[in-house]
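A.B. asks: Have a look at this fold, sequence not included:
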């Protein structure tokens, strides 16, 4: 018994040593690029990297999540070859080229029992700032405004589109992730919230009792986002240093992420591929 | 190798391990405190943390960092969960020790241990999809101080019940024989002898449970509504400190980030004070009346 117990740690250490050695020799032989940034984008880009690696043996692409701002910082300081960001570059973030790989629309959602199916730009503002308090004229169905927590990408896009400040929003409930927003709205017939369009479409198609609202008469679907007619969306970007498509492996990977070969993958992550 | 050498080696190794454990907690506290310094000092400064009316760290127009409603949220949700958990937990322990037949005693204990082992995110999810819709039909919007308190009470109930049960078990049999000799009935024995004798053990369990309640995050984020406000009633949404940190930390920069560390620092202090109180309170003399 005791000899068995002793064997385990020893073999584990030995194994780890072997792995270490192997990865050392490997990394000297392979070409490697590093991608960091947006945690929204990281799972998608990691899958793209996996596909790219499978097609190009001897290449390693290291994808790390850490937020859009870090992706931009790392790309401009050359800590990473490519940065990922789920928002447009801000003023002052210079010296970078952005490459759009997908779009993410933001849909307003209500419970499917709610008869409302279309809101105007001004009605949305009026509801979220607390000026419109009731769904009906009889004033007995009070609107429950579900807002996102400070700092969420969807909140920023929402505020920017409707030209609001976070202090203007009169929220009844605050949630974190898309899933929490969907669960909250699907459990409350009086609620209105907003989430990533892909996630909302997926849930609605799978029987979750939510409805995606049209805004100013434009229905909220991946299709209208791709066509550019649906107004509330954000780009999902890769950023690289310099003012041109970079040469070598980095450039090849960026081009691959923009090619039709990854459209299916983008769809499976519930985002909208960019169709030129 | 002589046993004394073995002893010394083992003693040294274990000593290092012990100091490491203590040192890590101290290091974390120092680190959190250091990170909180800018927020307490001038960015936005303690007067803003305690004086601002609202919590609007992301506002471009006028950021506000009023953390009092958030700290109140933490305290309120802890109080409102600890009261029902204590009543139910101690009741459960008394029943298990003094009334339940033997098979049920073991069964109850296993069930409580199982409840203690359910991950908080699972209880939170149950709260969101089962409890909240019920509350919402009755007292909208559903996500509220009440929902968070109920979910937390369920989570900490096993801690209270199991520690109370152990404390009752440790009451000296001699005391029960004496009570019986005095002709005391079962109810009288429980109220007059068992509970007073076991009160330190029970209180220790309650404090541990309270520390867990104030520190719990995942389950609370899902059901408390997360609006940073002074609740007007138990059915209004609240936002405890832990929920604030969980929701905002990964997106916070500079001053905002430091404010979250200040929140964490206050939280660690409160939990530390609670744990310290158990560890260092004077051992009371055995119950005499």
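C.D. replies: Structure received. Here the structure is a predicted model, which is why all the values come from computation and not from measurement.
A.B. asks: Show me what from chain B comes close to chain A.
C.D. replies: When proximity is defined as C-beta under 8 Å from any C-beta of the partner chain, chain B approaches chain A at B:54, B:56-62, B:64, B:128-129, B:132-133, B:136, B:140-143, B:221-222, B:225-227, B:237, B:239, B:246-248, B:250-253, B:256. Every C-beta, even on glycine, is put in place using the N, C-alpha and C of the backbone.
A.B. asks: and the residues you listed, which of them are in strands?
C.D. replies: With DSSP state E as the criterion, strands contain B:56, B:64 from among the residues of chain B next to chain A.
A.B. asks: of the residues of chain B next to chain A, buried ones?
C.D. replies: The neighbour count (16 or more other C-beta atoms under 10 Å in any protein chain shown) marks B:56-59, B:64, B:128, B:132, B:136, B:140-143, B:221-222, B:225-227, B:237, B:239, B:246-248, B:251-252, B:256 as buried among the residues of chain B next to chain A.
A.B. asks: any low-confidence regions in the stretch 151-276 of chain A?
C.D. replies: A:276 (pLDDT under 70).
A.B. asks: Can you name the residue of it nearest chain B?
C.D. replies: Residue nearest to chain B within the stretch 151-276 of chain A: residue A:151 (2.6 Å; C-beta to the nearest C-beta).
A.B. asks: And the longest helix belonging to chain B, what does it pack against?
C.D. replies: Among the segments of chain B that qualify as a helix by DSSP state H, the longest is helix B:3-41. Using 3 or more C-beta pairs under 8 Å, 6 or more residues apart in numbering or on different chains; DSSP states H and E as the contact test, the elements touching helix B:3-41 are helix B:46-51, helix B:254-280.
A.B. asks: which stretch in these is the model least sure about?
C.D. replies: Sorting the helices and strands packed on helix B:3-41 by mean pLDDT places helix B:254-280 lowest, at a mean of 85.
A.B. asks: what comes up buried for it?
C.D. replies: For helix B:254-280, a neighbour-count test (16+ other C-beta under 10 Å) marks B:255-268, B:270-271, B:274 as buried.
A.B. asks: so what's residue 124 up against?
C.D. replies: No chain in the question, so chain A it is. A:108, A:162, A:215 (C-beta atoms under 8 Å, 6 or more residues apart in numbering or on different chains).
A.B. asks: Please refer instead to chain B.
C.D. replies: Residue B:124 neighbours (C-beta under 8 Å, 6+ apart): B:151, B:218-223.
A.B. asks: Pull the number of nearby residues for residue A:127.
C.D. replies: 20 (other C-beta atoms under 10 Å in any protein chain shown).
A.B. asks: hang on, isn't it packed against residue A:144?
C.D. replies: No - using C-beta atoms under 8 Å, residue A:127 makes no contact with residue A:144, being 10.3 Å away.
A.B. asks: what residues are shared contacts of the two?
C.D. replies: Counting by C-beta under 8 Å, 6+ apart, the residues touching both residue A:127 and residue A:144 are residue A:192.
A.B. asks: coming back round to it: in three-state terms, label the residue of the stretch 151-276 of chain A closest to chain B for me.
C.D. replies: Classification of residue A:151 using DSSP: H, G, I helix; E, B strand; the rest coil returns coil.
A.B. asks: I'd like to know how many residues surround it.
C.D. replies: 20.
A.B. asks: Run a quick check on it versus residue B:248, I expect a contact.
C.D. replies: Yes - Residue A:151 lies in contact with residue B:248 (C-beta under 8 Å); the separation is 5.6 Å.
A.B. asks: where do the contact lists of these two overlap?
C.D. replies: Between them, residue A:151 and residue B:248 share the contacting residues B:57, B:256, judged by C-beta under 8 Å, 6+ apart.
A.B. asks: All set, thanks.
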